[in-house]
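K.L.:
What follows is a predicted structure for the sequence shown.
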Amino acid sequence: MTARLTGDAKTSTLQSGKQVVNFNVAINDSYKSKTSGEVTKIVTYVQCDYWVNPGVAQFLTKGTLVELQGRIGVNAYTGKEGEPKAALTLHVNTIKLHGGKTPQPVSVSAEKILVAENAGATDDLPF
């Protein structure tokens, strides 16, 4: 599936020391009615968990477009007022980033080094 993150990913550490990255995505879709010609937009929300590499969480920020592969499931539960509810889930195996916000530099010193290295470079391109 290809979708956008609805918020920043969160990393949790279990008692066993294993880390999981949790995030939610929204899948936008639309269709045109044959009878009325009206366009109807549908948004489907999916709760995702990723166990492979917790370091990816820094790149999973709100609005990022991601392509996900994994095992889909349903989480059935009872709401606060006793009503039955359900949520789509995806146990993610593969994440491919397609765009969104760029991550912040890891450290200020790394940014200063990059600026210092490029300061002496001259660019003779006309644009």
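P.N.:
Thanks, I have the structure now. Numbering: from 1, shown residues only.
K.L.:
pLDDT score assigned to the closest residue to residue 60 other than its chain neighbours?
P.N.:
Excluding the flanking residues, the one nearest residue 60 by Cβ to Cβ, 6 or more residues apart in numbering is residue 9, at 3.6 Å. Placement of C-beta: from N, CA and C, glycine included. Looking at residue 9, its pLDDT reads 96.
K.L.:
burial count for residue 9?
P.N.:
Look at residue 9: counted by other Cβ atoms under 10 Å, it has 22 neighbours.
K.L.:
Spit out the contact partners of it.
P.N.:
If you count contacts by Cβ atoms under 8 Å, 6 or more residues apart in numbering, residue 9 has them with 21, 22, 23, 56, 57, 60, 61.
K.L.:
same deal with residue 7?
P.N.:
Contacts of residue 7 by Cβ under 8 Å, 6+ apart are 23, 24, 62.
K.L.:
in stretch 86-105, what counts as buried?
P.N.:
89, 90, 92, 95, 100 (16 or more other Cβ atoms under 10 Å).
K.L.:
typo on my end, stretch 5-25
P.N.:
For stretch 5-25, by 16+ other Cβ under 10 Å, it's 5, 9, 11, 19, 21, 23, 24, 25.
K.L.:
Endpoints of it, how far apart?
P.N.:
Distance between the two ends of stretch 5-25: 4 Å, counting by Cα to Cα, to the nearest Å.
K.L.:
ok, residue 78 touching residue 85?
P.N.:
Yes. Using Cβ atoms under 8 Å, residue 78 is in contact with residue 85, at 7.0 Å.
K.L.:
For residue 48, name its beta-bridge partners.
P.N.:
Beta bridges link residue 48 to residue 23, residue 90, judged by DSSP bridges.
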